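J.: Make a model of this:
(one chain, ligands or ions: 1)
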Amino acid sequence: MTALSSVAVVGLGYIGLPTAVSLATGGLEVIGVDVNAGIVERVNRGETPFAEPDLSVAVSGAVAMGRLRAQQEMPQADAYVIAVPTPFAGDHQADLSYVTAAAEAVAGVLRGGEVIVLESTAPPGTTRRVSELIAARRPDLHLPHVPDVPPDVHVAHCPERVLPGRIMIEIATNDRVIGGLTPACAARAVELYRTFCHGELIVTDAASAEMVKLAENAYRDVNIAFANELSLICQRLGLDVWEIRQMANHHPRVDILRPGPGVGGHCVAVDPWFIVAAAPDLARLTATARAVNDHMPAHTAEQIVATSRRFRDPRIACLGLAFKADVGDMRESPAVDITARVAAALPEVKIHVAEPHAPGLPGRLGEFGNVVLTDAEHAIADSDVIALLVDHSCFRAVKKTQLAGKVVYDTRGMWA
Ligand code: SAJ
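T.: Presented below is the predicted three-dimensional model:
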């Protein structure tokens, strides 16, 4: 088997672009592939289409050195990493159309000898389906899901597990789980990831790797749901959940996560549904956790609205729109949902929004005439009710004197 020297990374998003640049830094020739012409142009200019610490300097460096380029067409390469989205198709089922399109495009250019790695989070069985799809397109090649025939192409799953905001650190240092359709497939994928990953590379089969990934995010979701449920119970009983949590966490085997206004982003709020879909009758806790966390934005909005109605002519500040601290990503953000709900419930009330990590309001909030984007200082100074929706580090600088005389609704326990 020849050494891998070129790799095509399909999908230049939050996972694909950092992976592409890491492979380039690891010494491979990397071709980034994306259907979006704007993203391709930006990457080729050495720019990043989204904010992530340390990514932009790495991209501009890799492009300048000629190690990374982007294009819309699928190239021939020794290896393929598929890092496309797997959103919902409706009814919480996975939409695999991007994975299918990527697999079919790869199928069209294979010569034999390549390794194809699916990084996208996907329901159990998806890696095998990628192999089947390619086989259907390329009857001239042996694919590894068919036993007893040495395959011409290797197929594996290596689920991403980097944390937004720390992607460039974690991509190099996290341990990775690599599941092959056969042991030889896993071994070939290990060769690829060894070029840039210094963590342990744990080898397994493809279906187990798929379930490991889903289990990781469902574990987080269930634990956040417990924290959120506890906060609702404490609120009803007149107890301070932050104090309760802090004291409970002194126990050597207790580590309660942080309650908040809901779970956002494109991972923790999505992936548990793939487990529910795989075994709906058994995944009762997983489904309930989703329901608990999904209810938090409506509950939080109701509280803010009820508090505001105590004022004759209230003004409200919503601090933060991102799905979590210190990122600008507003996908599936509970803060956006809460702000929209409050704006809709109180159309006559001016709502000041401060989001230092985003250049403008997301489309959903642009529809409301009563929502204005400003900075935190003005938002606070001009408002009676202050809702802290995201625990961005910069909001820590807000002084008690700025909040004096205002009703503070701190959903993140930052000023507690
Ligand atoms: N959150 C809380 N309380 C907490 C922790 C998080 O309310 O104590 C909320 C956050 O505010 C956010 C949501 O949960 O709205 C998710 O944030 P997160 O930091 O838990 O996770 P993500 O979505 O940024 O990244 C997760 C990570 N998975 C795990 O930690 C198991 C990351 O490692 C994965 O790579 C990523 O999902 C992914 O892409 O799957």
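J.: looking at this structure, which helix or strand is least sure?
T.: strand 88-90 (a mean of 83; mean pLDDT, DSSP states H and E).
J.: Give the bridge partners for the closest residue to Val33 other than its chain neighbours, please.
T.: Spatial nearest neighbour of Val33, chain neighbours left out: Val10 (4.7 Å); criterion: CB to CB, 6 or more residues apart in numbering. Any C-beta I mention is one placed from the backbone N, CA and C, and that applies to glycine too. Here Val10 shows beta-bridge partners Val33, Ile82, assigned using DSSP bridges.
J.: Val10 contacts Ala79, correct?
T.: No. In this structure, Val10 is not within contact of Ala79 by CB atoms under 8 Å, at 11.0 Å.
J.: Who has more neighbours out of the two?
T.: Val10 (28 against 24; other CB atoms under 10 Å).
J.: The ligand versus that one, what's the distance?
T.: 17 Å (CB to the nearest ligand atom, to the nearest Å).
J.: Then Ile15?
T.: Applying CB to the nearest ligand atom, the value for Ile15 to the ligand is 7 Å.
J.: burial measure for that residue, as a count.
T.: 25.
J.: Surely it and Val117 touch.
T.: No. The criterion here is CB under 8 Å, and Ile15 misses it with Val117 at 11.9 Å.
J.: and the stretch 251-400 of the chain, which of its residues are near the ligand?
T.: 257-258, 260, 263-265, 267-268, 323-324 (CB under 6 Å from any ligand atom).
J.: now for those, which pair is the farthest apart?
T.: Distances among these were taken as CB to CB; the most separated pair is Arg258 and Cys267, at 17.0 Å.
J.: Neighbour count for these two, which is higher?
T.: A direct count of neighbours by other CB under 10 Å for Arg258 and Cys267 places Cys267 higher, at 24 against 17.
J.: shouldn't the more buried one be in contact with Thr121?
T.: Yes. With contact defined as CB under 8 Å, Cys267 reaches Thr121; the gap is 6.8 Å.
J.: Find residues that contact each of the two.
T.: Asn217 (CB atoms under 8 Å, 6 or more residues apart in numbering).
J.: circling back: write a PyMOL command that selects only the buried members of the residues of the stretch 251-400 of the chain next to the ligand.
T.: For the buried members of those, the matching PyMOL selection, counting by 16 or more other CB atoms under 10 Å, is:
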select buried, resi 257+258+260+263+264+265+267+268+323+324
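J.: Would you mind listing the buried residues in the longest helix anywhere in the chain?
T.: Determined from DSSP state H, the single longest helix within the chain is helix 206-237. Using 16+ other CB under 10 Å as the test for burial, helix 206-237 gives 206-207, 209-214, 216-218, 220-222, 224-225, 227-231, 234.
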